[in-house]
Structure formats: structure tokens, C-alpha cells
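S.K.: What follows is a protein structure lacking sequence information:
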């Protein structure tokens with residue numbers, strides 16, 4: 001299986017090119033097209049497509065998740081899995097599965113070493 005990463009920079013470039021609410025629909029349509037092109041590439045080449053996204057804090061949220069994905073609804077609906085990554089103590093990291101079609105929510109602690117990922 002091949003691995004292909006699409007970093008957040010793609011969404012950032014679209015935000016720079018399409019400024020303001022008036023261009024939101026065009027920006028979301030272009031992002032949707034790029035995401036579906038990546039999905040098609042993954043299907044044709046049996047490749048994993050990893051799309052990273054930023055989150056921002058919503059301080060007015062009293063219940064539920066106080067973070068909001070920057071990529072918008074198109075990115076959220078196109079993604080198959082949602083995983084939050086955060087730093088823990090020392091060299092440890094925590095991956096939290098928050099959205100999956102067939103797996104329950106959960107967390108995994110791991111470290112990134114010169115030998116790869118270690119649990």
C-alpha cells in the first residue's frame with residue numbers, strides 16, 4: 001500500500017485565494033474537487049490518503065467538543081476517519097479516534113522514535 005499525505009497547506013492556499021464569506025461557496029467547491037481527486041487517486045492506486053487539518057478553539061461552547069475544524073464541512077464529510085493528535089508528557093503522543101464508520105471512539109498512546117512508532 002502506498003502512502004500519500006495532503007497537508008493543511010492546500011486548505012490554507014484556498015483561504016488566501018478566496019477571502020471573505022462571499023467566496024465561501026467557490027472555496028468549498030474547489031476543496032471538494034481536490035478531495036475527491038485524492039480519493040480517486042487512493043482508490044486507483046490502493047494508496048492511503050492522509051489529509052491533515054487544523055482546529056481552532058470555540059470558547060463559547062459549553063457542551064461537547066470546544067474545537068472546530070478549520071477545513072469546514074466539506075473536509076469533515078469527505079474524511080472517513082477523524083483522529084485528534086496531541087502531545088503528552090515527555091516524548092509521548094496521544095491519538096484520539098473521534099469519527100469512524102466502524103470503530104468505537106478511543107485513545108492510543110505512542111512515541112515517535114528513530115525506529116518508528118512505539119506504543
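M.R.: Here it is on my side, so go on. Just so it is clear, the structure is predicted and the values come from calculations on it, not from any experiment.
S.K.: What mean pLDDT does stretch 47-61 get?
M.R.: Predicted confidence along stretch 47-61 averages 80 (mean pLDDT).
S.K.: residues of that stretch that come out buried?
M.R.: 49, 51, 53 (16 or more other C-beta atoms under 10 Å). Bear in mind the C-beta positions are built from the backbone N, C-alpha and C, glycine included.
S.K.: where does the first one land in three-state SS?
M.R.: When the structure is split into helix, strand and coil by DSSP: H, G, I helix; E, B strand; the rest coil, residue 49 lands in strand.
S.K.: quick one: it and residue 39, what's the gap?
M.R.: 7 Å (C-beta to C-beta, to the nearest Å).
S.K.: Residues in a beta bridge with residue 67, which ones?
M.R.: residue 57 (DSSP bridges).
S.K.: Spit out the contact partners of it.
M.R.: By C-beta atoms under 8 Å, 6 or more residues apart in numbering, the residues touching residue 67 are 55-58, 84.
S.K.: Please apply the same query to residue 84.
M.R.: Applying C-beta under 8 Å, 6+ apart, the residues near residue 84 are 55, 67, 95-96, 98.
S.K.: could you dump these to a markdown table with secondary structure and distance to residue 44?
M.R.: Putting the contacts of residue 84 into a markdown table (DSSP: H, G, I helix; E, B strand; the rest coil; distance: C-beta to C-beta, whole Å) gives the following:
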| residue | secondary structure | distance to residue 44 |
| --- | --- | --- |
| 55 | strand | 30 |
| 67 | strand | 33 |
| 95 | strand | 28 |
| 96 | strand | 31 |
| 98 | strand | 28 |
